[in-house]
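J.: sequence unavailable; structure follows:
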Ligand SMILES: [Zn+2]
Ligand SMILES: [Zn+2]
């Protein structure tokens, strides 16, 4: 089975798993490097890690337009139903999951916070674990610090880990993985394939490019740290809008090609 993984910049992804279209944390409006507008994207399912605006993003508008089913924690699920009048919502607790046509989606723990854009309580932050019906497992860590339970999350094997390696701007605030911690997360979870995310997002308009070394530095650092701390993992650097084409072979995820041409 084919699994396509398109990076929408920041923590956002468009996945195609077989015939199913899945968005994760689709933050596009107000996000300069985003390769697509919210109206460009179709979705059957939208998975949300936590309540922060750079993760909820355009999810309510896309869900309303497409009728996509949203998976989030209970508090975000209730907020989407009450505030955005969405009907197709699965609200689940960390450690719980829901069976969907492409596999089972579970919410893992994450060490972070989760307030919603309007200041409402957004429950506990989460990571997202997708156990596809075909076998491969995909782990989106959400926003989090490193934690030892990543070993348990990877207990059955993680084929692809989508790991944050930076912050919103040049500064890495507490409660986020940096490149070294992301490499440790790859080792703890036993990930075979790694994509670094959540960096290089806040482009200050009008700044000369030589000021922007911090935009790309996290990926450079991850590329040097990963072989040391997680030698079994392979890094796939993606530009915003790029798609990594994988196939599931004998239940494992193998990379066929990376198409950097984007957009999604
Ligand atoms: Zn956050
Ligand atoms: Zn974030």
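T.: That came through fine. Note that this is a predicted model, so its numbers are computed, not measured. Ligands and ions are numbered 1, 2, ... in the order given.

J.: for the protein, longest helix please?
T.: Counting by DSSP state H, the longest helix found in the chain is helix 213-229.

J.: distance between the helix or strand just after it and the chain's centre?
T.: Next along the chain after helix 213-229, taking DSSP states H and E as the criterion, comes strand 234-235. Offset of strand 234-235 from its chain centre (CA atoms, centre = their mean, to the nearest Å): 16 Å.

J.: in the helix or strand just after strand 234-235, what's buried?
T.: Next helix or strand after strand 234-235 toward the C-terminus (DSSP H and E): strand 243-249. By neighbour count with 16 or more other CB atoms under 10 Å, strand 243-249 contains the buried residues 243-244, 246, 248. No exception for glycine: its C-beta is placed from N, CA and C like everyone else's.

J.: and what of stretch 73-87?
T.: Across stretch 73-87, burial judged by 16+ other CB under 10 Å covers 73-80, 86.

J.: among these, which ones are in strands?
T.: residue 73 (DSSP state E).

J.: and which of the buried residues of stretch 73-87 is nearest to ligand 2?
T.: Distance to ligand 2, by CB to the ion, is smallest for residue 76 among those, at 14.3 Å.

J.: make sure that closest one is actually in contact with residue 122.
T.: Yes: distance between residue 76 and residue 122: 5.5 Å, which falls inside the contact criterion (CB atoms under 8 Å).

J.: so what sits against both of these two?
T.: Counting by CB atoms under 8 Å, 6 or more residues apart in numbering, the contacts common to residue 76 and residue 122 are 50-51, 114, 116.

J.: list the contacts for residue 116?
T.: By CB under 8 Å, 6+ apart, the contact list for residue 116 reads 51, 56, 76, 79, 122.

J.: could you dump those residues into TSV with pLDDT and distance to residue 193 added?
T.: Formatted as TSV, those follow (pLDDT from 0 to 100; distance: CB to CB, whole Å):
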residue	pLDDT	distance to residue 193
51	98	28
56	98	27
76	98	28
79	98	33
122	97	30
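
J.: out of those residues, list just those in helices.
T.: Per DSSP H, the subset of those in helices is 56, 76, 79.

J.: residue numbers of the stretch 1-150 of the chain in contact with ligand 2?
T.: With CB under 5 Å from the ion as the criterion, the stretch 1-150 of the chain comes near ligand 2 at residues 54, 143.

J.: strands along the stretch 1-150 of the chain, start to end?
T.: With DSSP state E, counting those that start in this stretch as the criterion, the stretch 1-150 of the chain has strands at 2-7, 13-17, 20-24, 45-47, 69-73, 89-92, 97-100, 103-109, 126-132, 137-140.

J.: I'd like those as TSV, with distance to ligand 1 and mean pLDDT appended.
T.: Supplementary listing: these in TSV, determined by distance: least, CB to the ion, whole Å; pLDDT from 0 to 100:
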stretch	distance to ligand 1	mean pLDDT
strand 2-7	18	97
strand 13-17	16	98
strand 20-24	14	98
strand 45-47	15	98
strand 69-73	13	98
strand 89-92	19	97
strand 97-100	22	98
strand 103-109	14	98
strand 126-132	11	98
strand 137-140	13	98
